[in-house]
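Asker: one predicted model, sequence on top.
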Amino acid sequence: MELYSLTIHELQEKIKNGDVSAMQITESVFSRINAVEERVHSYIRLMKEEALAAAAKADENIKKGDLQPLTGIPVALKDIVCTKGITTTCGSHILHNFVPPYNATVVEKLSAAGAVFVGKANMDEFAMGSSTETSYFGPTHNPWDLERIPGGSSGGSATAVAADECIASIGSDTGGSIRQPAALCGVVGMKPTYGRVSRFGLIAFASSLDQIGPFTKDVEDCAIMMNVLAGYDPKESTSVKTEVPDYRRFIGGDIKGWKVGIPKEYFVEGIDPEVAAAVQKAIAVVEKCGGKIVDITLPHTQYCLAVYYIIAPAEASSNLARYDGVKYGLRTADARDLMEMYTKTRRQGFGAEVKRRIMIGTYALSAGYYDAYYGKASQVRALIRRDFDEAFQQCDVILTPTTPTPAFKIGEKTDDPLQMYLSDIFTISTNLAGIPGISVPCGFTAAGLPIGVQFLAGHFEEGKLLQIASTYEKNAAIEKRRPTL
Amino acid sequence: MEFETVIGLEVHAQMLTDTKIFCNCSTKFGGTPNSHACPVCLGMPGVLPVLNKKVVEYGMKMALATNCTINPSNSFARKNYFYPDLPKGYQISQFAYPLAEHGYILLEINGEQKKIGITRIHMEEDAGKLMHDENNPVSYVDLNRTGVPLIEIVSEPDMRSPEEAADYLKRLHEILVYLEICDGNMEEGSFRCDANVSIRPKGQKEFGTRAELKNMNSFRNVQRALEYEVKRQQYLVENGQKIVQETRLWDDAQGVTNPMRSKEEAHDYRYFPDPDLVPVMVDETWIARIREELPELPLVKRERFVKDYQIPAYDAGVLTADKALALYYEDVVKLCGKPKQVSNWVMGDVLRFLNEEKRDIRQCPISAKSLADMITLIEEGAISGKMAKDVIDDMYKTGKPPQDIIKEKGLVQITDEGELIKTISAIIEASPNQLKDYRGGKEKLFGFFVGQVMKATQGKANPQLVNDLLKKMLAG
């Protein structure tokens, strides 16, 4: 077994026993990167020098007996979280040269926990996309089939874990950007409750929906990562001051008697039959573990996509106004006056999908349209949230497919934004309601593409998700396949 | 046709907090460009605003002082527009749910009180400043002012003349400075005013089309701009032309208002709730605590001065226009009594000295104790009022107490009757003609004798005593 293929908890065991050094682990990961990165393209930027220095430091600490939760563990960061002194692009031309003078709170936390940063992972530009094809730095390839997309927007973070180019990674999820690529790449991905993990230093796409979360090789690793990431941050006003439990204690916990809600709106025509079958199998496993299946309804599900595509672009149109060429990032070389500097910089700096969403959002907030679009969408969002509140009175967790289809071909949907938007149909509602969700591998298609099952719980109930997901993971006994690269 | 003027004012007041509204940078005016600017000020990617609670409390003070209702849940919104002095591309302000609404302040107009409604008070962040290179086609951005806390105070269109508007503005200014939440400096822009003005035929209920006036940086300019604008609008109406709703800039040098280029005002701000901030929840306990912290407000103080010190309303108005001045006045009165005399000296000499040097009372070299001592010395007859005029001049210049100055200058008043009788006798003897004329009925010559006595005593003779003695001795 190569070190790069192990999980956090397996490596921790080896470190503790003195079997391996942090340096060996880091070198193993970089040798893997050397072998596969050219084909997968998980990263926008590798941080080898910094990683080796961090590994050396970790080994010193290990020698001193100072073992933090992630000491010596190679972690990839989506290039949407700011890293002090290291270019942070958000997948965009407009930030291709932006070097933040500060770290995101999660970067500080991971660093304090001993993590070794491997590099900045590829992503859809400004996290707008479901395939990592809108990155200014070129697409990322799904390690299970290099002609297919890895999902998005956190595609690079998902493939880095799936292709063993890191041990765990950080992504961000605004409408499914962690869970959807996790499902399509066969790894575990969690979007925590809104307010659970600090957004400070996370480059904003849609501020009321964005949330940082981990990608890991199994559910236990997810708990380990959440222990580091979760918690109140005085630098973020929407961060919530509630106690953070030790998430590891939920791993393998019993789910006997748990009510598992199956929302009928998520099991409809149009789902890929292989996905549907795999999810049905997952339901059966959960039932076998003692879960009680209950039919529930989330009646406003049909409006989720519409609400999302008003609120997210509206917030984005405002969040992205700061990229104007004045202070940092790209500034067009040839402008005669201020207006031209603005328009040319933004025309050259943003890709088509980002421009599309800025225009949609600007329109939705315009005088005379606000009430009909943003105002109405906010009201329906409240109803969607109520749907979940009511559902969680009848069940402990909800189970749904993570995505309607397995990974599609690169280029297949780039000309059809609406088809592309539909890949997030099962994940968007979670962000609108602010609740946590986790995607766990639940099988493969005949062609060998991974499929994910999604669990959802009420606000700040990440523990429940880890409990059911780990129990499911153990009992489903999904074949431990690795992509052949 | 007779017209009625309708004016409403929007005032932006910078709050005197140490740090900015959404980060920990200093709010100090000036400073090397961009030395008070952090990633939050610069609108860097991923950084987030955290509300400075002090700003809310300062806003609440103003709300309570202007009889507003504080919204128990108020929230921030984004006002979106592009400009290089606005790093995020939006200003964080309040829109649908302002801090406070429905208040008023009272003005005294021709001895009568008039209520001017306050529509709303909301919190927002200030923008930066652009500096244009005079020799090259480049501009620079200074973001030191970015994020300095402001409250905007919007009045109802309740004012009916430019004088009323100026008066309202002065009262508002006074309250802000009294509350110690704004330094009120109009030149540095800590207190800024925009005016909405329209005219309508007297008796008409509907408002006329209004113009918004900007760029007036003194009370006087606000009044001048409004006076000009009213005349301009009347001229248009009287000549059958239409008033256009527009923003106009006051040109101080020319004394006119000019329309702003339409491109600059064609904004759709696309307000929406700021998702990075949570609603500000204000409960009754918090309001009660802020209410307790409120100082005595100018209007109340003014009324108390008239009542307690029996001074004219005019005096009370001048003395309470500045809280520190009122404090000074009260300190002096506490030490020497004589409130009207104190008022005369403070309003006359002390304020004149200070105004000449553009200083305020806090920088006054004459301590309350010194002024009280001086007034006491006059009362006791140790110096004359005329002598005191010289003494106070030196007190201001040197900061020394009056006793020292009197001693140094040998200014002690001659109150010794025997000595004065000797002097007067000598003068009478030396002026036989004048004495004859006086006794012959030329009473005006009394002044001549007084002058001679003062001359002989270098002005040190007690005037009352000189009068009495002269009258007796001239009568023979």
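Answerer: Structure's in. What do you need?

Asker: helix or strand with the lowest mean pLDDT in the chain?
Answerer: Just so you know, I chose chain A. helix A:417-421 (a mean of 82; mean pLDDT, DSSP states H and E).

Asker: chain B is the one I meant
Answerer: helix B:262-265 (a mean of 54).

Asker: who does the next helix or strand after that helix pair up with?
Answerer: Later in the chain than helix B:262-265, the nearest helix or strand by DSSP states H and E is strand B:272-273. If you go by DSSP bridges, strand B:272-273 pairs up with strand B:77-80 (antiparallel).

Asker: from the middle of its chain, how far away would the partner strand be?
Answerer: 32 Å (CA atoms, centre = their mean, to the nearest Å).

Asker: skip ahead from it and say which helix or strand is next.
Answerer: Next along the chain after strand B:77-80, with elements defined by DSSP H and E, is strand B:90-93.

Asker: ranges for the strands of chain A?
Answerer: A:43-46, A:74-78, A:116-121, A:168-173, A:188-191, A:211-216, A:259-263, A:292-296, A:397-401, A:437-444, A:450-456 (DSSP state E).

Asker: quick one: contacts for the residue lying closest to A:P139 once chain neighbours are set aside?
Answerer: Excluding the flanking residues, the one nearest A:P139 by CB to CB, 6 or more residues apart in numbering or on different chains is A:E133, at 4.7 Å. For the C-beta atoms, the positions are set from N, CA and C on the backbone; glycine is no exception. Shown in contact with A:E133 (CB atoms under 8 Å, 6 or more residues apart in numbering or on different chains): A:124, A:139, A:149, A:152, A:410-411, A:414.

Asker: for A:E133, phi and psi?
Answerer: phi -90, psi -20 (degrees, to the nearest 10).

Asker: if I look at it, how far off is A:G91?
Answerer: According to CB to CB, to the nearest Å, A:E133 and A:G91 sit 10 Å apart.

Asker: overlap in contacts, the two.
Answerer: A:D124.

Asker: A:S439 against A:G186, yeah?
Answerer: No. Checked against CB atoms under 8 Å, the pair A:S439 and A:G186 is beyond contact range at 10.1 Å.

Asker: what about the two, which has more around it?
Answerer: The residue with more neighbours, out of A:S439 and A:G186, is A:S439; 35 against 29, by other CB atoms under 10 Å in any protein chain shown.

Asker: can you name the residues bridging to the more buried one?
Answerer: A:G189, A:Q454.

Asker: what does the one 4 residues further on give?
Answerer: When bridges are called by DSSP bridges, A:G443 pairs up with A:I451.

Asker: A:L383 is in contact with A:L298, isn't it?
Answerer: No. Counting by CB under 8 Å, A:L383 stays clear of A:L298, with 10.2 Å between them.

Asker: any idea how far A:C304 is from A:A312?
Answerer: 11 Å.

Asker: pretty sure A:C185 sits against A:A162.
Answerer: Yes. Look at A:C185 against A:A162 with CB under 8 Å: they come within range, at 4.0 Å.

Asker: spit out the residues that contact these two alike.
Answerer: A:142-144, A:150.

Asker: quick one, what contacts the most centrally placed residue in chain B?
Answerer: In chain B, the centroid-proximal residue (CA atoms, centre = their mean) is B:E174; its distance is 5.6 Å. By CB under 8 Å, 6+ apart, the residues touching B:E174 are B:298, B:321.
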